[in-house]
Each structure stands twice: as C-alpha cells, then as structure tokens.
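Q: Sharing a sequence plus its predicted fold:
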Amino acid sequence: MYYFSTRGYLKKFTFSETVFEGLAPDGGLFLPEKIPTIDKSEQERWRNLSYKELAFEVFRLYATDIPEEDLKTIIDKSYSTFRHKEITPTVKVGNFYVLELFHGPTYAFKDIALQFLGNLFEYLLKKENRKINILGATSGDTGASAIYGVRGKENISIFILHPHKRVSPIQALMMTTVLDPNVHNLAIEGSFDDCQRIVKTIFMDLDFKRRYGLTAINSINFARILAQIVYYIYSYFRVSIEEGASEVRFSVPTGNFGDIFAGYMAKRMLGKGIERLILATNENDILARFVNYGDYSVGKVVPTIAPAMDIQVASNFERYLYYLLGEDPYRTKQAMREFSEKGALRFDESVLNRVRVDFLSRAVSEKETLETIRDIYEETGYLLDPHTAIGVRAGLTYKEDFPLICLATAHPAKFPEVVSTAIGKDFPLPKEIEELKSKPQRYVVLPPDPKEVKNYMINNLN
C-alpha cells in the first residue's frame with residue numbers, strides 16, 4: 001500500500017514514510033492509494049476477534065511495509081496500558097450505546113491512536129537509526145495522549161502547543177506535570193486555531209522540517225486515522241450482534257474532523273453496516289454548517305465547556321474534500337487555496353446530496369449539553385463528559401430506527417467542574433487524576449507567533 005498527497009504531489013510514499021512526513025511536502029494530507037473493502041466472508045471471520053486481533057487485521061492492510069510479527073508486537077505493547085480488557089467496550093445506556101474510548105493512560109480517546117503511534121515511532125527510529133522532533137497542537141486531549149505516548153522514549157523530543165488557559169485544568173495538568181526531559185509544553189496566548197496555524201506554518205518550512213527531523217503527531221498523521229478505524233468496526237460487530245441489526249448509526253463529537261473521518265473510512269471498508277455518521281459540534285459549528293447548508297466558512301472561535309471542539313478550521317476536512325471532489329487533487333488544491341484566501345467554501349445542493357449519504361449533523365448549545373449530562377445521569381446513573389454529551393444530544397436527534405452508538409471521547413473526570421455543575425453535586429475522581437493536582441508543573445508561555453515557537457524549538461531540539 002502506497003500513499004499520496006491530496007494536492008497531487010508526484011511522489012508516492014510508503015506507510016512508514018508517511019508516519020515521519022506527517023504533512024505532505026506540498027501541504028496536502030496523505031491518503032492511501034485505495035480504501036480496502038472487506039467482503040462478507042472476511043467480515044464473518046473478523047466478527048468475534050478481540051480488539052488486538054482486529055487491530056492487526058486492519059493495520060496489516062495499510063502498513064504493508066512493516067513485518068506482520070513486528071506489527072503484532074507493536075499492537076500488543078500499545079494496548080497493554082489500557083484499564084479495560086476490551087480496550088474500547090460498548091455499554092448500553094437507556095436506548096443507545098456508549099462506546100467508551102477513555103480507558104487509556106490519559107482517560108481520552110486520543111490514547112488509542114497515540115499509544116500506537118508512540119510505539120510505532122520508537123520501532124521505526126531504532127530500525128533506521130535516526131532521531132525525530134515531534135511538533136503538535138492540542139485543543140485538549142491530543143497533547144496529553146501524545147506526551148504519554150512518547151515520554152521517556154529514546155531518539156524523540158516532543159513539542160506540544162496548547163491554548164493558554166483555554167483547556168480544562170485537568171487537561172492542562174495531564175500535560176504540564178510530565179517532567180521527562182524530552183517533553184516540552186508550550187502554552188500559546190491564543191486559540192487552538194492559532195496553535196494549529198503555527199504548526200502548519202512551521203511544517204511548510206521544508207528546510208527546517210528536514211534539518212531537524214520534524215514530524216507530526218496531530219490527527220494530520222495518517223497513522224492516527226488508521227488506529228481510530230478499528231473501534232468503529234469493533235463496536236459495529238458487537239452492537240449488530242446484540243441488536244440483530246445489519247446497520248447502525250454512530251454519533252461523533254468532533255471539531256477537527258479526524259475521528260469522524262476514521263468512521264467514514266470504516267464505513268467505506270464495510271460497504272454496508274454503518275448507515276450514516278452523525279457529526280456533532282458545539283457552538284463552533286463550521287462542520288455542522290457544511291453538512292446542513294454547504295457553508296464551510298470560518299467564524300470566531302467561541303470558548304465553551306467542550307474545549308476540545310473549540311475549533312473553526314478542521315484540519316482533516318481536506319481528506320474528505322478530496323473524495324467529495326471526485327478524487328481530483330487539482331480541484332482539492334484549488335479549493336484549499338480558495339479557503340486559505342477567503343476563509344470560506346460554498347457547496348451547492350448537488351454536492352450536499354452526496355455529503356448526506358454519509359453524514360447527518362447538528363450543533364449543540366451549552367445549555368443543551370448541560371441538560372443532557374443531567375438528564376442522562378438522572379435517568380440512568382451514567383455520567384457523560386461535555387463532549388460525549390454533545391454527541392449523545394445530536395445522536396438522539398437522528399436515532400430513528402437504527403441502533404445508535406455514541407462515542408465517549410473522554411472520561412467525565414477530565415471536566416469535573418462542568419459535570420458537577422450539570423448534576424448538582426460533586427462526584428469522585430479516579431485516584432490518578434486526583435494526584436495530578438499536587439504534582440509540579442513545567443511549561444513556557446509564548447505569543448501566537450511561529451518565529452517565537454521556532455526559536456524556542458531551535459534551543460531545545462533533539
């Protein structure tokens with residue numbers, strides 16, 4: 001399997017090369033040369049596999065340049081850190097299912113991809129006798145998961161940008177209390193979009209990128225998309241068996257379009273099984289406006305109680321756009337240039353009809369988010385974090401006659417103030433999270449300027 005840029009860069013890349021490149025040299029995102037389809041006989045074979053076994057079957061289709069025994073070892077190591085034997089269990093809550101993706105080291109769904117990616121990096125670096133410097137931006141959970149994925153690993157330094165005082169206190173502590181010398185936390189005085197813009201600007205400096213072995217761990221790295229495909233297929237099998245249903249719907253709280261794009265790929269791989277994906281946003285509703293009205297235009301970032309979704313530029317949208325525009329890299333490049341210049345793209349009804357074969361969407365207000373946390377807790381005793389609550393509210397809007405699987409992207413303990421406010425009382429936090437409050441922190445505060453970030457990196461590079 002080879003990979004290419006959405007913007008038409010001529011060279012094709014192996015899976016391992018895309019892992020290190022992150023962003024394609026022309027600024028595009030990597031996609032596989034084909035999306036494998038899984039026939040019914042193969043699906044029957046997969047249906048009762050364990051999570052690790054299924055991960056291997058999916059990964060081997062895409063990571064064809066890694067020996068299968070090595071791939072199995074990386075998978076075993078990556079998911080040995082999870083607290084639940086199923087890795088991503090599916091729980092029935094009322095009349096819907098919750099896909100719990102928060103059983104990894106940092107209590108967030110990002111662990112599923114980033115534990116794998118951290119071990120993959122370590123394996124490839126040792127094999128190739130090289131060093132890298134990871135640069136990434138986080139709107140909340142990616143940073144902690146990335147840091148926990150590579151902390152203390154040889155031949156890797158990591159630089160994570162987060163919007164200063166715009167992530168939850170627990171999210172910040174999960175990053176800033178990691179004191180390993182290869183970890184660098186940069187608190188940027190701005191929004192997540194500022195952090196993301198800085199990262200993309202630095203990656204576009206190809207000389208700097210090559211000189212310092214710069215690579216990405218954000219969701220622009222295709223290895224993360226790959227790891228996330230697995231839990232869609234795994235939970236589809238579990239729920240379809242339990243419900244005796246041939247099709248399900250997933251509701252996905254998303255701001256950056258990475259998690260739901262993995263769902264789109266899973267949908268394509270299965271052929272039939274995922275009827276549609278429900279794209280749930282908060283007040284930062286650029287993606288909901290795209291699906292519902294064909295309006296993909298940048299607005300002002302609104303800080304909310306679901307900070308990981310406080311995003312107005314969805315960096316993975318370009319991957320879906322490539323397929324939407326007929327797999328035409330020239331049209332994709334032109335569209336992204338137009339978006340960069342005007343901050344907006346418009347789509348007519350004929351295009352939207354194709355979008356709606358794959359997606360439904362709804363934006364959820366803060367009031368509705370708090371109500372959903374409270375109502376689900378009072379009705380079932382189950383606690384939702386604010387991001388998951390957004391997915392549940394949007395999902396129940398479009399449940400219809402399909403089994404509904406809502407992705408739980410973070411443990412409620414990562415947002416104790418919000419959840420306690422919603423349910424009207426405090427709730428116990430896991431011991432590991434409670435202990436963060438007394439740990440020392442290390443981070444630097446920088447202005448939202450790529451030059452300032454570059455200068456810091458040069459003085460601290462691997």
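A: Sure, I can see it.

Q: Residue 133 should be in a strand, yeah?
A: Yes. Counting by DSSP: H, G, I helix; E, B strand; the rest coil, residue 133 is located in a strand.

Q: Give the burial count for it, as a bare number.
A: By other C-beta atoms under 10 Å, the residues close to residue 133 number 19. All C-beta atoms are positioned from the backbone trio N, CA, C, and that covers glycine.

Q: What is the end-to-end distance of stretch 307-315?
A: 16 Å (C-alpha to C-alpha, to the nearest Å).

Q: ditto for stretch 17-31
A: End-to-end distance of stretch 17-31 (C-alpha to C-alpha): 12 Å.

Q: what sits up against it?
A: 3-9, 11, 13, 117, 120-121, 124, 132, 200, 203-204, 206, 213-218, 220-223, 315-316, 318-319, 322, 329, 332-333, 336 (C-beta atoms under 8 Å, 6 or more residues apart in numbering).

Q: let's see 6 Å
A: Residues from elsewhere that reach stretch 17-31 (C-beta atoms under 6 Å, 6 or more residues apart in numbering): 3, 5-7, 9, 203-204, 215-216, 220-223, 318-319.

Q: try stretch 448-460
A: By C-beta under 6 Å, 6+ apart, the list of residues contacting stretch 448-460 reads 159, 184, 188, 190, 194, 198, 201, 202, 446.

Q: in the stretch 1-150 of the chain, which spans are strands?
A: 3-5, 30-32, 90-93, 96-100, 132-137 (DSSP state E, counting those that start in this stretch).

Q: Of the ones you listed, flag the one that's most buried.
A: strand 132-137 (a mean of 25; mean count of other C-beta atoms under 10 Å).

Q: so how far is that strand off the chain centroid?
A: Relative to the mean C-alpha coordinate of its chain, strand 132-137 is positioned 16 Å out (C-alpha atoms, centre = their mean, to the nearest Å).

Q: same thing with stretch 268-275?
A: 20 Å.

Q: pLDDT of that stretch, averaged?
A: With pLDDT averaged residue by residue, stretch 268-275 scores 96.

Q: Tell me the buried residues in that stretch?
A: 268, 269, 270, 273, 274, 275 (16 or more other C-beta atoms under 10 Å).

Q: Stretch 290-307 too?
A: In stretch 290-307, counting by 16+ other C-beta under 10 Å, buried: 290, 291, 292, 294, 295, 296, 301, 304, 305, 306, 307.

Q: hmm, who's touching the helix or strand containing the first one?
A: Assessed by DSSP states H and E, residue 290 sits inside helix 286-293. Defining contact as C-beta under 6 Å, 6+ apart, one finds that helix 286-293 is touched by 279, 281, 295, 296, 312, 314, 355, 359, 361, 363.

Q: One more: stretch 256-276?
A: 35, 37-38, 219, 225, 228-229, 232-233, 236, 247, 249-250, 252, 254, 277, 279, 311, 314-317, 319-320, 360, 402.

Q: Is it possible to mark the buried ones in these?
A: Buried, going by 16+ other C-beta under 10 Å: 35, 38, 219, 225, 228-229, 232-233, 236, 247, 249-250, 252, 254, 277, 279, 311, 314-317, 319-320, 360, 402, out of the contacts of stretch 256-276.

Q: Counting only strands, which of these make the cut?
A: The strands, defined by DSSP state E, take in 249, 250, 252, 277, 279, 360 from these.

Q: All set now, cheers.
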